[in-house]
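1. give me a model of this one.
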Amino acid sequence: NGTEFRMYPYENVFAHVVGYSDKGTSGLEQVMNSQLLTSHANVAEQVQKEFQNQKNVGDNVCTTLNTKLQQTAYDALGDRKGAVVVMEPDTGKILAMVSKPDFNPNTISDDWDQINADANSSILVNRATQGLYPPGSTYKVLTALEYMEEHPNSYKNFSYECDGQTIVNSVRISCYENEEHGEVDLDRAFAKSCNTAFVTLGSKLDIKNFVSLNKKCLFNQEIPFDLAVKKSRFELTQNSDKSEIPQTVIGQGNTLMTPFHNALLMCAVANEGTLMKPYVVDHVEGADGTTVKETIPEIYADLMSEKDAKKLQKMLREVVTSGTGYNLDTDLYTAAGKTGTAENEGKYAHAWFVGYSNVEDPDLVVCVLVENVGAGSKYAVPIAKRVFDSYYNNNMKEYYSQKTDIESTQTNQ
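-> Model (predicted):
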């Protein structure tokens, strides 16, 4: 009947990253609108269609998103508020990006009033790129990095006796549920996420250098990406009151970051210190399938030295083999990462996990943030595990399927 409309076959699953095109636009619908409306069809064909009052078909935008991983991440997050980001650390490709609560872009016009009436849920906000949260213990990656950079020859000698709580700069700090970790070195303090050890070593950091490290690692910076990203906040300065240091070095206080930013930092660690420029648009093609524009992986910045990245890789691996990420220890793949339990005043803590798989040659980086539920090891790690499991189970099935086909062909020959 001449009426044109968008149809989103996956409904809510890609809602925030793909966006909507009614009641305005968001996501890729917004930033790639001009490409979708531009036609690279044969010029003569375009002219002929215009004379015949026919529509010229626009270009297609092809993303890097993996439907299996996106669906897995979406299902694993369930009905909880939060976000999941899945990336390739050596290319910068976004393989999945989920945010909840979500919406159905097919019915956005009908649901508009109801969505906007629920101000507390912020349904339209892409929490992966726009949500700012205290990073909790996932931030200890940067605290450990700064400490090792300042003490390259002696950081291995760090030793601390943890009895579950301490007072530093007049601030009382406790380990999660006041757990006593006993004597710990830096690796064990990291693996067990010992707050008291980290505030002790963090209180001795050179604040000027620490501020510079955070700036280098994208805090208070614009992050280049196909979609808009909120700046993560790091407010500690040389002039800050010393009482701000203990909370800051364990990812609390005024420090806030997006799940997307946290995923990028882990990508740099997994990729020997080098951050690749993140992207979700793989290429743009004409209606006839010819490639109009293609995204080529490129280096964005070196966030740390290869030597320091390898030190962090070893520590992150121990989180899985003997620390708070033990549920990721499996024979299907090797994993490394950091859990986080970020205190949220008056509510349950935010649960974090950020890490990667196949530690010798990393395949995936996964970042999970679940709002107001509790410990990262209990609520975020299982979600990441489902994503990793899905990736390797599917890859193995494809491998054995291809192998069987080859063997069958050889037998027939």
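
2. can you pull out the strands in the stretch 301-413 of the chain?
-> 335-344, 347-357, 365-370 (DSSP state E, counting those that start in this stretch).

3. isn't E222 up against K231?
-> Yes - proximity of E222 to K231 meets the contact threshold set by C-beta atoms under 8 Å, at 6.7 Å. For every residue, glycine as well, the C-beta is placed using N, CA and C.

4. the more surrounded of those two?
-> A direct count of neighbours by other C-beta atoms under 10 Å for E222 and K231 places K231 higher, at 16 against 10.

5. work out for me the element that one sits within.
-> Using DSSP states H and E, K231 falls within no helix or strand.

6. I'd like the next helix or strand past the lowest-mean-pLDDT helix or strand in the chain.
-> Counting by mean pLDDT, DSSP states H and E, the chain has its least confident helix or strand at helix 43-51, which shows a mean of 65. Sequence-wise, the next helix or strand downstream of helix 43-51 (DSSP H and E) is strand 60-63.

7. mind putting the strands of the stretch 301-413 of the chain into a markdown table with mean neighbour count and mean pLDDT?
-> Shown next, in a markdown table, are the strands of the stretch 301-413 of the chain (neighbours: other C-beta atoms under 10 Å; pLDDT from 0 to 100):
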| stretch | mean neighbour count | mean pLDDT |
| --- | --- | --- |
| strand 335-344 | 26 | 95 |
| strand 347-357 | 25 | 96 |
| strand 365-370 | 30 | 98 |
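
8. can you lay out those strands as JSON lines showing distance to F14?
-> Formatted as JSON lines, the strands of the stretch 301-413 of the chain follow (distance: least, C-beta to C-beta, whole Å):
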{"stretch": "strand 335-344", "distance to F14": "25"}
{"stretch": "strand 347-357", "distance to F14": "22"}
{"stretch": "strand 365-370", "distance to F14": "18"}
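
9. among those, which is nearest E149?
-> Closest approach to E149 among those is made by strand 335-344 (18.0 Å; C-beta to C-beta).

10. what's the offset of the closest one from the middle of its chain?
-> Distance of strand 335-344 from the chain centroid (C-alpha atoms, centre = their mean, to the nearest Å) equals 12 Å.

11. just checking, what packs against it?
-> helix 306-322, strand 347-357, helix 376-379, helix 381-412 (3 or more C-beta pairs under 8 Å, 6 or more residues apart in numbering; DSSP states H and E).

12. need those in TSV (columns: distance to D113).
-> TSV is the format used below for those (distance: least, C-beta to C-beta, whole Å):
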stretch	distance to D113
helix 306-322	46
strand 347-357	28
helix 376-379	32
helix 381-412	32
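
13. point out the most buried one among those.
-> Highest mean neighbour count of those: strand 347-357, a mean of 25 (counted as mean count of other C-beta atoms under 10 Å).

14. what angle sits between it and helix 306-322?
-> 110 degrees (axes from the mean of the first three to the mean of the last three C-alpha atoms, to 10 degrees).

15. next, the buried residues of stretch 98-109.
-> For stretch 98-109, a neighbour-count test (16 or more other C-beta atoms under 10 Å) marks 98-103, 105-106, 108 as buried.

16. nothing else from me, thank you.
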